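Enquirer: Structure, please.
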Amino acid sequence: MNDLDPAASLRMIRESQEQARTGTEPDVRLLYLVWGIAWAVGYTVLWTSARGAGGAPSGPGFAVFFALLGVATAITIVHTVRRSAGTRGPSTRAGAMYGWSWMLGFLAYPFIISGVARAGASDEVIGLIANALACVIVGLMYLAGGALFCDSGVFVLGLWILLVGGVATVAGIPGSYLLLATAGGGGFLVMAVLAHVVQRRRRAALGEGGTADD
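Expert: Residues are numbered from 1 along each chain as shown. Next comes the predicted model:
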């Protein structure tokens, strides 16, 4: 009977496994998108305000930038913790620790920048360190995420962000802001599109595999 068709049963098993996997792992498309928007918009605001203020971004510009980073970080933490909440064992703790590591990284961020400022660093030096440190935190977190979830795309993006951060530091102020908005934020958005295409192809392949076996 059709209900006992081995090919149909195999297809259902594959679809169930895929749903379970995607339901317990972070959706990288969402994470790429929120960080892409945060960087593209935030650094563009800094670049625009810096050009109009003789090289130093305005206070409101920084407020917008840090607000966007805060939103992106919060979404990352909540999404990662929720996705891992349905699992048990070491993977649960690993996912939760990874999610909270984002908050811890950016919790230390303002203290480091404040310390550099109190040590007498110029506005340009503070700006360069702030940009580079953000890239280091995000880049290393994506490297760790790629290794944790066995996702080469996440790992490659981490490498890209580290590279962009290094080049942006050499570019100076305000050019580094524009580079981080385009190459940094753009890199996230490109990866969001690629991840979406890959996921659609994977789902299509599962469906075609079941149909072909029929």
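Enquirer: Residue 150: what secondary structure?
Expert: Three-state call for residue 150 (DSSP: H, G, I helix; E, B strand; the rest coil): coil.
Enquirer: Tell me, how many residues neighbour it?
Expert: Here the number of neighbours of residue 150 (other Cβ atoms under 10 Å) works out to 9. Yep, even glycine has a C-beta here, placed from its N, CA and C like the rest.
Enquirer: From residue 157, how far off is it?
Expert: 14 Å (Cβ to Cβ, to the nearest Å).
Enquirer: What are the buried residues along the host helix or strand of residue 68?
Expert: Counting by DSSP states H and E, the element that carries residue 68 is helix 59-84. Of the residues in helix 59-84, those buried under the neighbour-count criterion (16 or more other Cβ atoms under 10 Å) are 61-62, 64-65, 68-69, 72-73, 75-77, 79-81, 83-84.
Enquirer: cool, and stretch 112-132?
Expert: Buried residues in stretch 112-132, defined by neighbour count with 16+ other Cβ under 10 Å: 113, 126-132.
Enquirer: Residue 57: neighbouring residues, count only.
Expert: 25.
Enquirer: just the helices in this protein please.
Expert: Along the chain, counting by DSSP state H, helices occupy 6-24, 28-52, 59-84, 90-118, 123-148, 152-171, 175-179, 185-213.
Enquirer: Switch the ones you listed over to a markdown table; also include mean pLDDT.
Expert: Formatted as a markdown table, these follow (pLDDT from 0 to 100):
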| stretch | mean pLDDT |
| --- | --- |
| helix 6-24 | 45 |
| helix 28-52 | 91 |
| helix 59-84 | 84 |
| helix 90-118 | 83 |
| helix 123-148 | 90 |
| helix 152-171 | 94 |
| helix 175-179 | 93 |
| helix 185-213 | 78 |
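Enquirer: Spatially nearest residue to residue 186 (excluding sequence neighbours)?
Expert: On the basis of Cβ to Cβ, 6 or more residues apart in numbering, the spatially nearest residue to residue 186 that is not a chain neighbour turns out to be residue 40, at 6.7 Å.
Enquirer: how close does that neighbour get to residue 119?
Expert: As defined by Cβ to Cβ, residue 40 lies at a distance of 31 Å from residue 119.
Enquirer: for residue 170, same thing?
Expert: From residue 170 over to residue 119 (counting by Cβ to Cβ), the distance is 22 Å.
Enquirer: can you check residue 48 too?
Expert: Distance check for residue 48 against residue 119: by Cβ to Cβ, it reads 28 Å.
Enquirer: related to what we said a few turns ago, which residues touch the residue nearest to residue 186?
Expert: For residue 40, the residues meeting the contact criterion (Cβ atoms under 8 Å, 6 or more residues apart in numbering) are 181-182, 184-186, 188-189.
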